[in-house]
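>>> sequence-free structure coming up:
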């Protein structure tokens, strides 16, 4: 039950972080909800841009359901993997790999939906959104699993401070 709750909570944290980031950028441009409306139009309606005839609020709401579902699914997978890594140390590297794959997956997904999305979102905004989501989710998991977090930090510091091997 704890793993399920952790996964859903982490997914919600990640989804809210990304949504908040893009809402801030959209408001700054004077176009609140432009990003989720564009993604909803392109991903759910096959449009080349956000012009589908549907109101922006509806497109944003439709996309938000998909967005939150994807993050919750990712949170559940991450929570399961973290729980497994606490029991079996060989899963620890998988936790880091999962979060790296998370970033790559979303960049590939956005690239696949079309140039209208990339023109509007700009690559660095996508990377920053996913970095923020990863950081907040990882922060949540670190607080819930302090032993695992310490173990990962120790392992990473050993690798970065290890002496060079001589041949």
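Alright, I've got the coordinates. Here the structure is a predicted model, which is why all the values come from computation and not from measurement.
>>> list the helices and strands the longest helix along the chain packs on?
Secondary structure assigned by DSSP state H gives helix 56-87 as the longest helix of the chain. If you count contacts as 3 or more CB pairs under 8 Å, 6 or more residues apart in numbering; DSSP states H and E, helix 56-87 packs onto helix 2-28, helix 34-45, helix 92-113, helix 123-144, helix 146-161. All C-beta atoms are positioned from the backbone trio N, CA, C, and that covers glycine.
>>> distance from the chain centre to it, please.
How far helix 56-87 lies from its chain's middle: 8 Å, per CA atoms, centre = their mean, to the nearest Å.
>>> buried residues, it. List them.
By 16 or more other CB atoms under 10 Å, the buried positions in helix 56-87 come out as 56, 59-60, 62-64, 67-68, 70-72, 74-76, 78-79, 81-83, 85.
>>> likewise for stretch 91-107?
91-92, 94-95, 98-99, 102, 106.
>>> out of those residues, who's nearest residue 145?
Nearest to residue 145, judged by CB to CB, of those is residue 95 at 9.6 Å.
>>> and the nearest residue to residue 147 once chain neighbours are set aside, how far is that from residue 100?
Excluding its sequence neighbours, the residue lying closest to residue 147 (CB to CB, 6 or more residues apart in numbering) is residue 86, at 6.8 Å. Here residue 86 is placed at a distance of 20 Å from residue 100 (CB to CB, to the nearest Å).
>>> one more: residue 40?
27 Å.
>>> repeat for residue 16
Relative to residue 100, residue 16 is positioned 22 Å away (CB to CB).
>>> show me the shaky parts of the protein.
Residue ranges of the chain with pLDDT under 70: 48-53, 110, 113-116, 149-167.
>>> which SS class is residue 54?
Assigned with DSSP: H, G, I helix; E, B strand; the rest coil, residue 54 falls in the coil class.
>>> tell me the contacts of it?
When contacts are counted by CB atoms under 8 Å, 6 or more residues apart in numbering, residue 54 touches 41, 45.
>>> how about a cut-off of 10 Å?
37, 40-41, 44-45, 47, 60, 62 (CB atoms under 10 Å, 6 or more residues apart in numbering).
>>> fine, thanks again, bye for now.
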